[in-house]
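Enquirer: Build me a model from this:
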Amino acid sequence: MGDVLHAMPAVAALRQRHPEWEIGWAIEPVWSPLLQTHTGEAAGSVEMPLVDRVHMVPTRAWKKRPLAAQTGAEVLRLRRELRGEQYDLCVDLQGAIRSSVIGRMAGAREFAGPREPREGPALWLYKKRIATRAAHVTEQGCEVLGGAIGERLAPVAAPLPVDAEAEAWCDEVLERLERERFALVAPSAGWGAKQWPAERYGAVARELAAGYGVLVNAASTDDPLARMVVEASGGWATSLPCTIAQLIALVRRAGVVIAGDTGPLHLAAALQRPVVAIFGPTDPARNGPYGTVSRVLRSASSLTDHSRHATAEQGMLEIGVDEVVAAALDLLRTEEGKVVR
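Expert: Now for the predicted structure:
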């Protein structure tokens, strides 16, 4: 989710600069609700506020069955689909081997990517290699996309789809919550080193519950991490499994989102909702919340390290519950003041 959200401001800038251009996006199906939603009777039409078409690339499924005939057929289908659009330019904003291979499959006359991609071998597939100097990955995306078209681009807030069913679901959730303002806690992370302890998230929830509702983003109804947060809160927090479309609707209304370097944090930033960002081994100068009001917490002892360790980074453990609660309350009260005025 984070990679898609970090790339969207660059694509929004391109859309604003060249509204007549046709833009496609190749994406893992699970993240497609960030770009499109089905609307109208029986969901017969599709709303895509940012791009003209979406190409589904189910690499997760392919990885599980790499040698299956179905996988081979789906890869060939994608290749035909991409080449059938006759794209003039393809740009890899992810800088990964997987994305560069898919980009090359498109058969565009020009294929561009970062000069220093996240995964080195991706560089071999680009026809045009673009240097980046900006610190933040969102701005780097603008440098790569701008370099690919020979223009200077600056990040633009990207629109996300509005799913009517998800909005109705959110209405029901908030009616049951019986609180006008709420905080959303997202305790999970891509790997253990980036994950602040669930017990501490629970303690934060318990403190905030005196004046606000607290919801916990859960991967499923039996998400053990979300359950640990709820238990540590003394039952004051509510676990809430939801789809991507529902999460978008929920985050749009959150008074504050509290999370580490993870998808829901970057979704909140994209929707310009206040965030408390708890960072450890990843550098907020590169991956921090972009384009929104935020309080970024990171210990001076934390060192940037993308090794996928299973346990929380030591510097991250120096961030205390009181510090997170104070940051969240500050943002919540600031938002309330804006509403009053």
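Enquirer: Mind jotting down where the strands sit in the protein?
Expert: Shown for the chain, the strands assigned by DSSP state E span residues 24-27, 37-39, 45-47, 53-56, 89-91, 110-114, 128-130, 182-186, 213-218, 238-241, 256-259, 275-279, 294-298.
Enquirer: got JSON lines for those, with mean neighbour count too?
Expert: To be clear about C-beta, it is placed using only N, CA and C from the backbone, and glycine gets the same treatment. Below are the strands of the chain laid out as JSON lines (neighbours: other Cβ atoms under 10 Å):
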{"stretch": "strand 24-27", "mean neighbour count": "20"}
{"stretch": "strand 37-39", "mean neighbour count": "18"}
{"stretch": "strand 45-47", "mean neighbour count": "13"}
{"stretch": "strand 53-56", "mean neighbour count": "16"}
{"stretch": "strand 89-91", "mean neighbour count": "22"}
{"stretch": "strand 110-114", "mean neighbour count": "21"}
{"stretch": "strand 128-130", "mean neighbour count": "15"}
{"stretch": "strand 182-186", "mean neighbour count": "26"}
{"stretch": "strand 213-218", "mean neighbour count": "25"}
{"stretch": "strand 238-241", "mean neighbour count": "18"}
{"stretch": "strand 256-259", "mean neighbour count": "28"}
{"stretch": "strand 275-279", "mean neighbour count": "28"}
{"stretch": "strand 294-298", "mean neighbour count": "20"}
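Enquirer: out of these, which comes closest to residue 196?
Expert: Nearest of these to residue 196, taken as Cβ to Cβ: strand 275-279 at 4.8 Å.
Enquirer: contact partners of the closest one?
Expert: For strand 275-279, the surrounding residues in contact (Cβ atoms under 8 Å, 6 or more residues apart in numbering) are 194, 196, 256-261, 265, 268-269, 284, 287-289, 292-298, 302, 316, 319, 324, 327-328, 331.
Enquirer: hmm, back to that, where among the strands of the chain is the average confidence lowest?
Expert: Ranked by mean pLDDT, these end with strand 37-39 at the bottom, a mean of 86.
Enquirer: strand partners of it, parallel vs antiparallel please.
Expert: strand 45-47 (antiparallel) (DSSP bridges).
Enquirer: can you give me the offset of the strand it pairs with from its chain's centre?
Expert: With Cα atoms, centre = their mean, to the nearest Å as the basis, strand 45-47 stands 22 Å off its chain's centre.
Enquirer: What is the burial count for the closest residue to residue 58 other than its chain neighbours?
Expert: Leaving aside its chain neighbours, residue 58 sits nearest to residue 29 (5.5 Å; criterion: Cβ to Cβ, 6 or more residues apart in numbering). Residues lying near residue 29 (other Cβ atoms under 10 Å) number 13.
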